[in-house]
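1. The sequence and its predicted three-dimensional model are supplied below.
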Amino acid sequence: MKICLAMILLGASAVSSAAATLPPAVAESGVLRIANTPNYPPLEFKDPATNVLMGFDIDLGAAIAAKLGAEISWEETAFSAMLSALETGRVDMIMSGMSDLPDRHASATFVDYLRSGPQFFVREEDAATFSTVADVCGKRVGASRRTSYPAEIDKWSTENCGDNPVEFVGTDGSADARSQLRQGRIDVAVQGNETLPYVMDQDPGIYHPVGEPISYQLIGMAFPVDQSDFHADVVDALDGLIADGTYGDLLEKWNLVGSGVEKATINGVD
């Protein structure tokens, strides 16, 4: 009985300790307000039949919140407005497939939980024309203008295409890039390699990947920069989920095994 009571008290202490370093407003309400744009399957999207929010980020966010002793209120937010919402306190964190980029570190601190890389892909019917990644040179390449992909595609083109550069076409997100690809308005589309397998499963026989991702970067949860204790608690929570197998199970569930990380990092640094 004493052993059982000690274990219960130890568990309560662990939850209290985690909750003690939550941001004051979260500690008071018990609710984490998380900015999310549900248009990036399999990370976040709404079930077409039920309109229920689902995806890898939704499942992982719930598991992390449970470790921290908090509940979640998912706040649907335009991707372009997320960092300003974080800075002004309208949300407590961001978890929405956001890349951890150095130029964002002045606005937010990132706890990284996935690897991502921009991946070229074409229509299946055009696969023979793109036998190697070099065949992308000189073609119309579309990707979301709101991401780091335009700069990464330009860098790749400069390094690999010489006097036959790609013609970049900015799109209103990955779904628009796929739509323009199907319509023949662009020759090649680009989106994260972590999302392409899901899209190809949903639309079999429509798309064909070309080569390997042209670079890699980390995806992170974003927090206000002045909450170092909270950042450390989130790292501990994520590392705990990696250690106990929950993280790996979620990677398998959402076909993201190739995008997993071995441990959490802050701003890309161990």
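-> Ah, there it is.
2. what comes up buried for the helix or strand hosting Ala151?
-> Ala151 belongs to helix 149-160 when assigned by DSSP states H and E. Across helix 149-160, burial judged by 16 or more other Cβ atoms under 10 Å covers Tyr149, Pro150, Glu152, Ile153, Trp156, Ser157. All C-beta spots, glycine's among them, are computed from the backbone N, C-alpha and C.
3. Make JSON lines from those and add distance to Met82 and pLDDT to it.
-> Shown next, in JSON lines, are the buried residues of helix 149-160 (distance: Cβ to Cβ, whole Å; pLDDT from 0 to 100):
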{"residue": "Tyr149", "distance to Met82": "17", "pLDDT": "92"}
{"residue": "Pro150", "distance to Met82": "19", "pLDDT": "95"}
{"residue": "Glu152", "distance to Met82": "20", "pLDDT": "94"}
{"residue": "Ile153", "distance to Met82": "23", "pLDDT": "97"}
{"residue": "Trp156", "distance to Met82": "26", "pLDDT": "97"}
{"residue": "Ser157", "distance to Met82": "28", "pLDDT": "98"}
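4. Looking at these, which is nearest Thr246?
-> Tyr149 (30.4 Å; Cβ to Cβ).
5. Against Ser174, how distant is the closest one?
-> Per Cβ to Cβ, to the nearest Å, Tyr149 is found 9 Å from Ser174.
6. hey, what's in contact with both of those two?
-> Ala143, Gln191 (Cβ atoms under 8 Å, 6 or more residues apart in numbering).
7. so the residue lying closest to Arg123 once chain neighbours are set aside, which of the three states?
-> In space, and not counting its chain neighbours, Arg123 is closest to Leu181: 6.2 Å by Cβ to Cβ, 6 or more residues apart in numbering. What DSSP: H, G, I helix; E, B strand; the rest coil gives for Leu181 is helix.
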